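Asks: Attaching a predicted model along with its sequence, questions to come.
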Amino acid sequence: MEISLKGKVVLVTGGSRGIGKAISEGLANAGATVAVHFNSSQAAAEELCEKFGNGAKPFQASLEEVDSVILLFKQVTAHYGRFDVLVNNAGVAVSSYLTKNDSDWLDDWDRTFAVNTRATGLLCKKAIEHYSSKGGGRIINISSRAAFRGDTMDYLAYGASKGAIPSLTRSIARHCGKQNIKAFNIAPGFVRTDMAQDFMDQYGESFALDDIALPELTEAKDLAPMVVLLASGLADHATGSTIDINAGSYVH
């Protein structure tokens, strides 16, 4: 069955590269109008939107800054008049060893939580306010396997920041469903991206491969079909669920 998202406006944070780029491409191929958020990769975002057509537009924001997050929401809603689906994909993973001094370690922690958790929560808040006046909508949060199985000691902040996302998603799903607002969580495992390359440079690709059931690492494009399905409304009764896409790294 071919899924059509024609007529839907979707905001994808971190939508110009890595997992976000693949998600944006999948949504656009299904007919959605994609608002592509980026932080610094302006050229990549503009190129994507030109390729997509159908009203796609890039929007810059630093998710570390609260005012910038709020402005992103305002700009997207002002430009399109509405949006129907929010995909909170953007994230950072900062390697921060316990041997760092406390101040530097906390700086890494604060930055990680600002982008991965606070910005996600704030955009969910703004989306709920928006959807409540528009008859409903969908939120798709991208967390991580680290939310459930933890991470290495130098990525403590990353694991903890992603661990908050399933609870956030479940709370929204349980308490906003009567307003026709659905929320889903996708927990990827190790995905071959530029961000993951930093980890592989540290630990080696075999470290990731030895930890999964399949013979090859997950690619960013492997996540896109699930996002398209959730955005379509065909899986609304799975609201509050976590979908693990981790090549058998762990099995619930």
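Replies: Perfect, thanks for sending it.
Asks: which residues sit in contact with the nearest residue to residue 222 once chain neighbours are set aside?
Replies: In this structure, residue 222 finds its nearest non-sequential neighbour in residue 245, 6.3 Å apart by C-beta to C-beta, 6 or more residues apart in numbering. C-beta here means a position set from N, CA and C on the backbone, and glycine is covered the same way. Each residue near residue 245 by C-beta atoms under 8 Å, 6 or more residues apart in numbering is listed here: 186-189, 218, 222-223, 226.
Asks: State the mean pLDDT of stretch 9-18.
Replies: Mean pLDDT, stretch 9-18: 97.
Asks: cool, and stretch 134-153?
Replies: 96.
Asks: How about that stretch, which residues are buried there?
Replies: 136-148, 151 (16 or more other C-beta atoms under 10 Å).
Asks: from the residues you listed, which is closest to residue 99?
Replies: Residue 99 lies nearest to residue 151 out of the buried residues of stretch 134-153, by C-beta to C-beta, at 16.9 Å.
Asks: for the stretch 51-200 of the chain, what spans make up the helices?
Replies: 66-80, 102-113, 119-134, 146-149, 156-176, 194-203 (DSSP state H, counting those that start in this stretch).
Asks: Run through the protein and note the low-pLDDT ranges.
Replies: The chain contains residues with pLDDT under 70 at 195-197, 199-200, 203, 252.
Asks: centroid residue for it?
Replies: residue 89 (1.4 Å; C-alpha atoms, centre = their mean).
Asks: pretty sure that residue is in contact with residue 20, am I right?
Replies: Yes. In this structure, residue 89 is within contact of residue 20 by C-beta atoms under 8 Å, at 4.4 Å.
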